[in-house]
Every structure is written in C-alpha cells, then in structure tokens.
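Asker: quick one, what's the 3D model for this:
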Amino acid sequence: MKYAQVFPGQGSQFIGMGKDLFDQYDEAKKYFLKANKILDFKITEIMFEGNQKELTETNIAQPAIFIHSIIKSRLFEKKGKLTGVAGHSLGEFSALVASNSISFNDGLELVNIRAKEMKKACVMNPGTMAAVIGLENKIVENCCMKIKEIVVPANYNCPGQIVVSGEKKAIKNVSKILSENGARKVIELNVGGAFHSPLMLPAKKVLEKYIKKIEFKKPSCPIYQNSVGKGVSNVEEIRKNLVDQLISPVLWTQSISQMINDGIKNFVEVGPGKVLQGLIKKINPDVSQEF
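Answerer: Below you'll find the predicted structure:
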C-alpha cells in the first residue's frame, strides 16, 4: 500500500508518551536509550513520568516529540511503500529521518540545538503567537502589513486557520484589526515566543552552522518542506529550506494540497496526538487517513 507519513510539531507532547512503545518493542527501547545517551540526560524519565510543565519547555518538548515520532515511523516501515513525507515545523526533522535523508543521531542533535537556540531567541526577542479563525489568507496578510511592529503569518494550517507570530505589542494590535476585518476568533497561544518569524533570526544563524556539518543524503521519497510547500529531493535545496524554516511560515495547507495533487491519497500521522489528522481533513476531507 502506498502512503505518506506526516509528523507533528511542538504542542503534541503529553506525559506518558512512548512508555507503551518502550515496554512492548525492543527496537523502541534501543532508540530511547540511544536518545538518553545523545542528549546526556534521561529524557525518558520526563516523557514517561515527569510533569507537564517540564515537558512543555521547548528544549524538552522538541526532542521528546522527535524521538517518539521516529520510533513510531520505524515500527510502521514494513507496512507499505512510503511515497512522501512532511512534518509540521519541528516535524520536518522527523520527516527527514523517516525518508533516510539524515540519520537519527544527527536529527536528534539538530533538534536539540534548534530547541535550545529557539529558547534563547525567545528570551532575546520576546514575542508570542495567535491563531486566527475564519479569515482568508490575503486578509490576514494585509492586516499584518498594517502593523509597524514585527508580525507575520507563521502557520497556514488549513483553510480558515492561520497563526500569526511577532512582538507581543504587534500581536495585540493586529488582533484588534483582524477582529474588525471579520475574524471569527483570534486566540493568543500559550507559547514561549514568536516562532517562524524574524524574531527567530539568532537561532537560524546558529542552526545554519550545524546543518552545514551534517551529512544529508537524497531522501527515499520526496519531502514536502514547510518553507516551499512542495516536494523536494535535492540535498542542497533540503538544507537551504531547513535553514529558512525557522523564520519562514509553515505552508502546511500548501504542502498537503501539493501532496494530494502529486497523487498521494493516504496519510498516516506518526507521533503523539492527532492534530494533523484534523487539519488534513479540513484541507481535503476525501483523502484516507487509515492504514
């Protein structure tokens, strides 16, 4: 059976995630123990029996979701032919490993660096994000352009749902304008900073140095990358898009639409939670999400 794997981003974590996999599968246990060694601390203890506040921290949540996603992906491997992969923000790193473009070890190292540098950037350039419900993309984009402070569309999640990201004052100001322009809801999100905006530039500069050192191979199937919304197989393009991702919007609607146009009809969400299943259903209710 042909299918695509899609990988969630930050926010899908929960206490106890992966414990069932650790207990049931020797392969899973090996990955978890390897991750503890790479990170130099027992992330399994936080994932399995920690507290929600600690697990929500960017520097813990991102590697935790990545580890969980890759283990589930490896357990799925023998069930069909993988014809495409995509990941939402952090999930793009999981997608790269799933398509054998980078190794698990290198992927986890990059995710760990990315998380730490994003957390630093959040302190250096405080910001936040807000979900905008019920407006067309163009209206949201135009409203952002009216604000003098930094605020940009950050996630094109599905038709009628965009997340904007920027300085706290800018989010407050644009929220009012968005409501005046007909937004059904504008909900400020409980996040650590302004992800996928120019405020993440310090993190991008550091991550770029590390990405240059990592060996990338041609993926076993196209990876539909966030910053371009289309399938990519060229190694240098993959590198560039991965660097750009930190300050570019997540083109999720565009990516899934392109995957469907390219003939992918079956999607499997791999990782904690089912957020992406809901978004894909809103993008195109006719595709299959059953394995």
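
Asker: quick one: contacts of the longest helix along the chain?
Answerer: If each helix of the chain is counted by residues according to DSSP state H, the longest one is helix 104-124. Around helix 104-124, the neighbours that count as contacts under CB atoms under 8 Å, 6 or more residues apart in numbering are 31, 34-35, 38-39, 57-63, 66-67, 70, 90, 93-94, 96-97, 102, 192-195, 199-203, 206-207, 210-211, 214-215, 246. Just so you know, the C-beta spots here come from the backbone N, C-alpha and C atoms, and that holds for glycine as well.

Asker: in strands, which of the residues you listed fall?
Answerer: Using DSSP state E, no member of the contacts of helix 104-124 sits in strands.

Asker: could you measure P63 against Q5, distance?
Answerer: 19 Å (CB to CB, to the nearest Å).

Asker: quick revisit: only whichever of the contacts of helix 104-124 are buried, select them in PyMOL.
Answerer: For anyone working in PyMOL, the buried entries among the contacts of helix 104-124, judged by 16 or more other CB atoms under 10 Å, can be selected with:
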select buried, resi 31+35+38+39+58+59+60+61+62+63+66+67+70+90+93+94+96+97+102+192+193+194+195+199+200+202+203+206+207+210+211+214+246
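
Asker: filter the contacts of helix 104-124 down to the ones in helices?
Answerer: By the criterion of DSSP H, membership of those in helices covers 31, 34-35, 38-39, 58-63, 66-67, 70, 93-94, 96-97, 201-203, 206-207, 210-211.

Asker: run through the stretch 151-291 of the chain and note the low-pLDDT ranges.
Answerer: Within the stretch 151-291 of the chain, the segments meeting pLDDT under 70 span 290-291.

Asker: so F32 versus L75, what's the distance?
Answerer: Taking CB to CB, one finds F32 at 13 Å from L75.

Asker: so those two - more neighbours on which side?
Answerer: F32 (22 against 16; other CB atoms under 10 Å).

Asker: now for the more buried one: which residues touch it?
Answerer: Under the criterion of CB under 8 Å, 6+ apart, the neighbours of F32 are 18, 21-22, 44, 67, 71.

Asker: so which of those comes closest to K146?
Answerer: I67 (41.6 Å; CB to CB).

Asker: nearest spatial neighbour of the closest one, chain-adjacent residues omitted?
Answerer: In this structure, I67 finds its nearest non-sequential neighbour in A35, 4.8 Å apart by CB to CB, 6 or more residues apart in numbering.

Asker: what pLDDT does that neighbour get?
Answerer: Confidence per residue is given as pLDDT, and for A35 that number is 98.

Asker: all further residue positions should be reported with the first residue as 515.
Answerer: Fine by me, first position is 515 from now on; the one you just mentioned is A549.

Asker: in this structure it contacts K556, no?
Answerer: No - in this structure A549 lies outside contact range of K556 using CB atoms under 8 Å: 9.4 Å.

Asker: neighbours of D776, how many?
Answerer: Number of residues near D776 (other CB under 10 Å) recorded here: 14.
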